[in-house]
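Colleague: Below are the sequence and a predicted model for it; my questions follow.
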Amino acid sequence: MLNVSEVSKTFFPGTVNERRALDDVNLQLAAGDFVTVIGSNGAGKSTVLNTVAGRITQEKGVVELENRDVSKLKEHQRAAQIGRVFQDPMAGTSPNLTIEQNLSLADRRGYSRGLRLGVTASKRERFAEALKVLELGLEDRLRAKVGLLSGGQRQALSLLMATLSQPKVLLLDEHTAALDPQRAELVTRLTTKIVKEQKLTTLMVTHNMAQALEVGNRLIMMHEGRIILDVSDEEKEKLAPGDLLAEFSKIKGAVVDDKTMLQ
Ligand SMILES: Nc1ncnc2c1ncn2[C@@H]1O[C@H](COP(=O)(O)OP(=O)(O)OP(=O)(O)O)[C@@H](O)[C@H]1O
């Protein structure tokens, strides 16, 4: 489904600020794979997601979606196939538009240049049905401005918007990190539910190792632009956060504490 093959990315090449963010990354996801991504700061986690989304262009390697090379496609040209949720709950939604208007935009993502804010009765019904999945009562507040929602509610809505048009790939970039523990748990639970129901192929970056072990069917660890560990479902079930830290130290021969990984 998703094939990232021999992808390298260097920022500011040939300058004093040169930074090799990705170093020959190979990552293949089968349809329905839910892969959690952990690693130290600056390991290249967000850059992998940016490469898949087309936000940045790699200098080497290819990105394929369903066997189609999308490497040359710009971000907006891939938008219909990719759903994304960022860390900042404010990033995924428009505060001055209503819930149904936000959903209407999400519904047209990648297909239309114009802003289609009009909401038909049948669409409204569909949006209300979709909102019920969140169990937040937002289906009764379709005409409320999104700016009135809490951070957790906005992030849950962002998740729904990212998955509304059933993307081929869902990219989650620390999407629970800015929430309080209770809201983070809610959004994690909703993520698991939506990914499972829609059988979405998903990459989820997190600094929370317990979360990385708990959700998904595979875990990868990155360091200095490379994937240094790739753990399958069965292996993952036997691991605890402490094992991941030990594994990280072993592979890199480095002394790492959970602060390094969790920050
Ligand atoms: N747009 C950019 N311009 C310049 N350098 C960048 C850019 N994006 C990432 N980098 C650099 O590339 C490296 C990898 O960054 P990336 O954001 O992918 O790491 P990360 O694993 O997501 O880290 P974190 O956990 O801190 O978010 C870092 O050294 C970072 O400073």
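Modeller: Nice, I can see it.
Colleague: Confirm for me that Lys45 is in contact with His223.
Modeller: No: with contact defined as CB atoms under 8 Å, Lys45 does not count as touching His223 (10.1 Å). (C-beta placed from N, C-alpha, C; glycine too.)
Colleague: what do these two both touch?
Modeller: Contact criterion CB atoms under 8 Å, 6 or more residues apart in numbering; residues bridging Lys45 and His223 by contacting each: Gly39.
Colleague: Strands along the stretch 1-150 of the chain, start to end?
Modeller: Under the criterion DSSP state E, counting those that start in this stretch, the stretch 1-150 of the chain carries strands at the ranges 2-11, 19-29, 34-39, 60-65, 68-69, 82-85.
Colleague: which of Lys45 and His223 has more neighbours?
Modeller: Lys45 (24 against 19; other CB atoms under 10 Å).
Colleague: any idea how far the more buried one is from the ligand?
Modeller: Applying CB to the nearest ligand atom, to the nearest Å, the value for Lys45 to the ligand is 3 Å.
Colleague: Next up, the contacts around that residue.
Modeller: Shown here is Lys45, whose contacts under the criterion CB under 8 Å, 6+ apart are Val37, Ile38, Gly39, Asp173, Val205, Met222.
Colleague: Include mean neighbour count, distance to the ligand and mean pLDDT when you put the strands of the stretch 1-150 of the chain into a markdown table, please.
Modeller: Rendered in a markdown table, the data for the strands of the stretch 1-150 of the chain read as follows (neighbours: other CB atoms under 10 Å; distance: least, CB to the nearest ligand atom, whole Å; pLDDT from 0 to 100):
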| stretch | mean neighbour count | distance to the ligand | mean pLDDT |
| --- | --- | --- | --- |
| strand 2-11 | 18 | 4 | 97 |
| strand 19-29 | 18 | 3 | 96 |
| strand 34-39 | 24 | 5 | 96 |
| strand 60-65 | 17 | 15 | 96 |
| strand 68-69 | 12 | 22 | 96 |
| strand 82-85 | 25 | 14 | 95 |
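Colleague: so which of those comes closest to Leu239?
Modeller: Closest approach to Leu239 among those is made by strand 34-39 (11.5 Å; CB to CB).
Colleague: Output the closest one in PDB with nothing but the alpha carbons.
Modeller: As requested, the backbone C-alpha atoms of strand 34-39 are provided in PDB (Å, rounded to 0.1, in the frame of the first residue of the first chain):
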ATOM      1  CA  PHE A  34      -1.000   0.600  11.900                       C
ATOM      2  CA  VAL A  35       2.600   1.500  12.600                       C
ATOM      3  CA  THR A  36       3.700   3.600  15.600                       C
ATOM      4  CA  VAL A  37       6.900   5.600  15.200                       C
ATOM      5  CA  ILE A  38       9.200   6.500  18.100                       C
ATOM      6  CA  GLY A  39      12.700   8.000  18.300                       C
END
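Colleague: who does that strand touch, helix- and strand-wise?
Modeller: Contacts of strand 34-39 with other secondary structure elements, assessed using 3 or more CB pairs under 8 Å, 6 or more residues apart in numbering; DSSP states H and E, are made with helix 45-53, strand 201-205, helix 209-214, strand 218-223.
Colleague: Kindly report the residues of this structure close to the ligand.
Modeller: Proximity of the chain to the ligand is assessed by CB under 6 Å from any ligand atom, with Phe11, Arg19, Ala21, Gly39, Asn41, Gly42, Ala43, Gly44, Lys45, Ser46, Thr47 identified as the residues in range.
Colleague: Can you name the two of these that sit furthest apart?
Modeller: Phe11 and Gly39 (17.1 Å).
Colleague: one step back: out of the strands of the stretch 1-150 of the chain, which comes closest to Ser158?
Modeller: Nearest to Ser158 among the strands of the stretch 1-150 of the chain is strand 82-85 (5.0 Å), distances taken as CB to CB.
Colleague: From the contact counts, what lies against the closest one?
Modeller: For strand 82-85, the packing partners by 3+ CB pairs under 8 Å, 6+ apart are helix 45-53, helix 151-163, strand 169-173.
Colleague: Distance check, Val187 against Ala177.
Modeller: Relative to Ala177, Val187 is positioned 10 Å away (CB to CB, to the nearest Å).
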